[in-house]
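**Student:** coordinates only, sequence not included:
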């Protein structure tokens, strides 16, 4: 158990140190292959560590693993607390990042300066894993900044392309504003609760009774929680690209390097969704002060409406796009909308078994959507990168040169539309179940409308890349490592569907042990246990 | 059991049955429309031309030569066509008609994804395998219709399923012994309980509205008049069928007809309770089933004969008006009445 | 009657909130990139000041506030207790330090981006930097 | 005979049936198909109502024209709003929507607090 917690604590420092040592190494070593191997090894180690952590978690009956940084006990020092949801998403995110690094070893042929690229990409992974594993609200802010700065840098990686600069500045300006707002939110939380630890906040927000207007914003638990959650939600809906805060996504996608796009849609936006789930279900659950006067319910209702709007706007805009990656950006927005639709079924009027189905659908769809998207981006990247074109019209028919890309795109389209028997269908099936059994059939109608509209957008990629005859003679680049990536992911999305009884049962256990009352209790209890060990068993 | 399943999906209610039904459907539609327009319709093969569609199919499949063009991917088009047909045939396992039945909670979603998503995608992909600008135009027209039809069809079909589930959970007297353990929200459950819902005036209103919406959307899904924009038989050059010839055309026609007849079958079971008020495997039951099938088919034929073709944007808005909005209205009535009951 | 301390504190808080609002407006609605950067620094500084003020634990009796200095080089337990009563909360200061460092990095990055954008677009007016749309 | 189970296993069963049927029918069609589909030069051209394919610059519609009818006819108004009001590419236009969402969140918080102050 102790060793397991040390592994949890070691992942982010390892990533951060190896990221920052690349500029130093670049003084001595100029060989591209070295950096490819170096970054790949580091991310493989991170993947191994996070999967080992998750295996320990299953072994220990999903009892959360707590790591104390510097040996300081929880409310005083920073802790990482990994419960079932954390552990699964950490494993998933490091898997996605590993695939991005693997793809980068092929992609690095087409970029000049590989050292800064890998520095930033490792920094991005540090931020993502840190945000997911952390058990401390302020450490979340620090990790969010690590993530964001790497993300801005990667968005502006092609500094000679005006569109990349424009996208990066739009993202970075609002991003900087948004993270500062989150800083204010943590300060407000600290002023009221006197703690920054998530488990401690969970306990205090559930126990605390409102003391009226004693401290007005500073000191009063209720008003502070309300203000803090308002800011936090705005911040993380920006990070996860929910409807009114989604504008940066297509811009960044249309100009960033291809593996970065995969990392963005597979991991960065999912991190945002994860934090919202953590705040709405663990920190400020149905019994916390946030439920005062139906505030939590009304916020969830608004998230639901925004989720529908996000799905519809994203899929409508997909139809319009000319740039392949911009189209995929809008498809991410539409899927994020679906995730928010199921995420927000935690209103007090909805029975808890429906909520369990909904949250299972959420986690399942995160995995399905992420892997399908990474598959899609790497297949399209294989076709588009050698030509340097991103315009669908100019790419037409090119995937006839690369049969593996055609297979990958086909599988990814089927996965993202949700055809039987691909994984995407089963998570949508769970969503429909949740919507219909919650007594809101109109939500199911909205879901099928979103699916119908977005299938038009996906067919556009299909139509542009696979069907038209190849007219222009074009040089074929060697596929190299992309073949194993695409084939493994294609098999994975099919297996996610064919083994969905087992997968969905497993995810249901994860949800039960993390987001449902039982899991939340476990999250709090392991915090208390660590505290007791420190104070000497009292 | 696996062998039974394999045979059943081939014979009844599998490929052979649904193909035969679809040939009959095509003959009936052609004959009916011709009758209404004072024409002859099919006459040559079989008694009153009954075997004409079948012979057309065989001729295209076996005798006619396939013309290949430089850019086409014929094998892929055939594969997509066959995939569409087998999606429809395997969805028939959800009906009470089938000797081997699959019923599960929410299985109508499987049906919707098989028929509403898989089949249009198969059709579009099939046509896009043939490179031709006119085909692409036809495909995009089909897609813009699918955009509206799919939610409308889903919403319409959801109406009886919600009603059936609500009836059984609120009034157990409808729950006959043998059926009590059956999964809710399933096509099977809806088909055995929906008959009793027609006596309730509120439910009957919702069902009628929903039925109308679904019939209109089936009309559009099957690309019959007035929604034959994507097919554009008369204009020939701007439809999705333009480049098909020989076996490929046969497969496409079969896919199209099978889709129409299986949609009608599902409508009969989900909305009208199949052989209700009689039981399956009784003579009256079979007769009632056939009568209902003919009735719905006649409705489709009448609509087809009455209207001319719409332009694309007209068609889409007509669909919104007469299919999507009524379907949503129906489902709203049901949810409201369930809420206040 | 309201005491002077609370009155001043309220004014201070209000002005910070107003400052936050104005700089938020500046970041989002001012067209010039340079002005946006300036507003952003104002915004993060206001946030930092909020954090510092939180550390002063305002609801303590104002008369007790004295410079938080430990006079005894080898403090006893009582000394530390006495110290804890008058000292400010150190945590928000640590938070602010972190935030300032991060803010520096972000501002530098934004200045670099602005310079590069000016080179390519010849303007720093965001209304004219709109190649990516639709 | 009735197989009642959860929808997930049901759909997996159905997809297996679908796979089996697809393979079977595909083989049947391949066998039934006339073998002698040797094509002449004439048949290798596209069907363009009698025109020669040389009248086309490309043998297919560009993907940007694929949904022309949807974008410029059927949902013209919706797209005009989405493109000209919302996704203009100008940060200032985005800010209206983003601040509106922030204001909604804050307003809700104030209302919730106000109710608790009154009650």
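**Tutor:** That came through fine. If you're wondering where the values come from, they're calculated on a predicted model, not measured in any experiment. Numbering: from 1, shown residues only, chains lettered A, B, ... in the order given.
**Student:** contacts, neighbours, all on C-alpha from now
**Tutor:** Fine.
**Student:** Check which helices and strands the helix ranked longest in chain D sits against.
**Tutor:** When chain D is parsed with DSSP state H, its longest helix is helix D:91-118. Helix D:91-118 sits against helix A:221-239, helix A:295-320, helix C:4-29, with contacts defined as 3 or more Cα pairs under 8 Å, 6 or more residues apart in numbering or on different chains; DSSP states H and E.
**Student:** Pipe those helices into CSV and attach mean neighbour count per row.
**Tutor:** Formatted as CSV, these follow (neighbours: other Cα atoms under 10 Å in any protein chain shown):
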stretch, mean neighbour count
helix A:221-239, 25
helix A:295-320, 24
helix C:4-29, 16
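**Student:** What parts of the stretch 201-350 of chain A come near chain D?
**Tutor:** For the stretch 201-350 of chain A, the residues in contact with chain D (Cα under 8 Å from any Cα of the partner chain) are A:212, A:222-223, A:226-227, A:230-231, A:234, A:244-245, A:247, A:292-295, A:298-299, A:317, A:319-322.
**Student:** Kindly apply the preceding question to chain C instead.
**Tutor:** C:28-31, C:126-134.
**Student:** 10 Å instead?
**Tutor:** Proximity of chain C to chain D, by Cα under 10 Å from any Cα of the partner chain, involves residues C:24-25, C:27-31, C:126-134.
**Student:** restrict the residues you listed to contacts with chain A.
**Tutor:** Among the residues of chain C next to chain D, chain A is touched by C:24, C:27-28, C:126, C:129-134 when using Cα under 10 Å from any Cα.
**Student:** need the contact list for residue B:74.
**Tutor:** Contact analysis of residue B:74 by Cα atoms under 10 Å, 6 or more residues apart in numbering or on different chains lists B:66-68, B:80, B:126-127, B:129-130, B:244, B:248.
**Student:** still on that earlier bit, nearest to residue B:122, of the helices and strands packed on helix D:91-118?
**Tutor:** helix A:295-320 (19.3 Å; Cα to Cα).
**Student:** ok, that closest one near chain B or not?
**Tutor:** No - for helix A:295-320, no contact with chain B is found by Cα under 10 Å from any Cα; the gap never falls below 10.7 Å.
**Student:** Could you tell me which of the ones next to chain A among the residues of chain C next to chain D count as buried?
**Tutor:** Neighbour-count burial (16 or more other Cα atoms under 10 Å in any protein chain shown) is assigned, among those, to C:24, C:27-28, C:126, C:129-130, C:132, C:134.
**Student:** if we take the residues you listed, which one ends up nearest to residue B:105?
**Tutor:** After measuring these against residue B:105 - Cα to Cα - the closest member comes out as residue C:134, at 41.6 Å.
**Student:** which SS state does the closest one fall under?
**Tutor:** coil (DSSP: H, G, I helix; E, B strand; the rest coil).
**Student:** Now for it: which residues touch it?
**Tutor:** By Cα under 10 Å, 6+ apart, the neighbours of residue C:134 are A:250-251, A:317-318, A:320-322, A:326, D:79, D:82-84, D:86-89.
**Student:** Filter these down to just the buried residues.
**Tutor:** A:250-251, A:317-318, A:320-322, A:326, D:79, D:82, D:86-89.
**Student:** Could you pull out the buried residues of whichever strand or helix holds residue B:79?
**Tutor:** In the assignment (DSSP states H and E), residue B:79 maps to helix B:74-91. Residues of helix B:74-91 classed as buried: B:74, B:77-91 (neighbour count, 16+ other Cα under 10 Å).
**Student:** Lowest-confidence entry in the buried ones among the contacts of residue C:134?
**Tutor:** Minimum pLDDT for the buried ones among the contacts of residue C:134 is recorded at residue D:89 (83).
**Student:** Quick check: which element contains it?
**Tutor:** Per DSSP H and E, there is no helix or strand for residue D:89.
**Student:** Am I right that it is in contact with residue A:252?
**Tutor:** No - Residue D:89 sits out of contact with residue A:252 when judged by Cα atoms under 10 Å, with a separation of 11.9 Å.
**Student:** Can you check which residues contact both of these two?
**Tutor:** A:166-167, A:170, C:132.
**Student:** Buried only: go through these for me.
**Tutor:** Using 16+ other Cα under 10 Å, the buried ones in the shared contacts of residue D:89 and residue A:252 are A:166-167, A:170, C:132.
**Student:** Could you tell me the end-to-end distance of stretch B:42-49?
**Tutor:** 5 Å (Cα to Cα, to the nearest Å).
**Student:** hang on, the earlier thing: identify whichever of the helices and strands packed on helix D:91-118 lies nearest to residue D:25.
**Tutor:** Across the helices and strands packed on helix D:91-118, closest to residue D:25 is helix A:295-320 (Cα to Cα), at 34.2 Å.
**Student:** by contact count, what packs against the closest one?
**Tutor:** helix A:221-239, helix A:324-343, helix A:441-465, helix D:63-66, helix D:76-80, helix D:91-118 (3 or more Cα pairs under 10 Å, 6 or more residues apart in numbering or on different chains; DSSP states H and E).
**Student:** Which single one of the buried residues of helix B:74-91 is nearest to chain A?
**Tutor:** Nearest to chain A among those, counting by Cα to the nearest Cα, is residue B:87 at 9.5 Å.
**Student:** contacting residues around that closest one?
**Tutor:** Residue B:87 neighbours (Cα under 10 Å, 6+ apart): A:420, B:81, B:111, B:113-115, B:118-119, B:122, B:255, B:259, D:14-15, D:17-19, D:21-22.
**Student:** just these that are near chain C?
**Tutor:** Checking the contacts of residue B:87 against chain C (Cα under 10 Å from any Cα), there are no matches.
**Student:** residues in contact with the closest residue to residue D:95 other than its chain neighbours?
**Tutor:** Nearest in space to residue D:95, with sequence neighbours left out and distances taken as Cα to Cα, 6 or more residues apart in numbering or on different chains, is residue C:28 at 5.8 Å. Listed by Cα under 10 Å, 6+ apart, the contact set of residue C:28 reads A:173-174, A:177, C:36, C:39-40, D:91-96, D:98-99.
**Student:** And the residues you listed, which of them are buried?
**Tutor:** A:173-174, A:177, C:36, C:39-40, D:91-95, D:98-99.
**Student:** what about residue B:103, which helix or strand?
**Tutor:** strand B:101-104.
**Student:** So which other helices or strands are in contact with that strand?
**Tutor:** Partner elements for strand B:101-104 (3+ Cα pairs under 10 Å, 6+ apart): helix B:187-197, strand D:2-5, helix D:7-32.
**Student:** could you give the mean pLDDT of it?
**Tutor:** 83.
**Student:** Tell me if I am right that residue A:345 is in a helix.
**Tutor:** No - counting by three-state DSSP, residue A:345 is not part of a helix but coil.
**Student:** which residue sits closest to it, ignoring its sequence neighbours?
**Tutor:** Using Cα to Cα, 6+ apart, the closest residue to residue A:345 is residue A:355 (6.1 Å).
**Student:** Neighbours of that neighbour, how many?
**Tutor:** For residue A:355, the count of nearby residues is 23 (other Cα atoms under 10 Å in any protein chain shown).
**Student:** could you measure residue A:500 against chain C, distance?
**Tutor:** For residue A:500, the distance to chain C equals 37 Å [Cα to the nearest Cα, to the nearest Å].
**Student:** Do I have it right that that residue meets residue D:10?
**Tutor:** No - using Cα under 10 Å, residue A:500 is not in contact with residue D:10, being 11.3 Å away.
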